[in-house]
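*Asks:* model the structure of this input:
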Amino acid sequence: MNMDDPSPFAMTMTCRCSAVKLGVLNGATPSYAGHCSCDDCTRATGGGIIACQMFVDKKMFRVLMGAEQLKGWSKPGGRTRQFCGTCGSSMMTNCGTSVMIYPGTFDNKSALSDPSSPFFLNPSGKVGAPYASDQVAPWLAASIKQHFQK
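*Replies:* Numbers count the residues shown, from 1 in each chain. So this is what the prediction gives:
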């Protein structure tokens with residue numbers, strides 16, 4: 001790839017030790033973003049909630065570096081959570097046709113506060129009603145509405 005060419009990735013993510021690098025292709029739009037406090041997520045993170053997660057279409061996702069470093073665990077009948085085998089950073093969770101990514105691993109965290117970014121998260125969000133506001137990105141507002149109408 002020519003270094004003058006624009007990157008094909010809208011977002012890249014790197015673990016703490018830089019052994020694993022992931023990418024989300026340009027044109028990808030997360031289908032959901034929020035917090036989770038289910039038993040599986042709280043046990044995986046050791047905290048009361050998983051800080052933040054986003055789901056992207058698996059076809060728009062790539063492992064760019066360190067595939068051999070990715071280790072995983074699957075709950076019988078559940079998702080496969082993957083982490084860096086060197087530093088332990090949670091990197092992704094395979095969820096059927098989607099991949100759950102973690103904004104804490106984003107190389108460009110400023111995209112989370114940029115309303116023009118597909119990865120924008122409204123900072124006024126709260127646990128229990130993630131990112132609920134009239135000013136959230138349209139894809140997120142629709143996702144929240146659908147999620148909480150169940």
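*Asks:* now do Met100, the pLDDT please.
*Replies:* On pLDDT, Met100 comes in at 90.
*Asks:* list phi and psi for it.
*Replies:* phi -90, psi 130 (degrees, to the nearest 10).
*Asks:* skip the chain neighbours and tell me the closest residue to it.
*Replies:* Among residues not flanking Met100 along the chain, Thr93 sits closest, at 3.9 Å (Cβ to Cβ, 6 or more residues apart in numbering). No exception for glycine: its C-beta is placed from N, CA and C like everyone else's.
*Asks:* measure that neighbour to Asn26 for me?
*Replies:* According to Cβ to Cβ, to the nearest Å, Thr93 stands 22 Å off from Asn26.
*Asks:* now the strands for the chain?
*Replies:* All strands of the chain, identified by DSSP state E, fall at 9-14, 21-25, 32-36, 50-57, 61-65, 70-74, 80-84, 90-95, 98-101.
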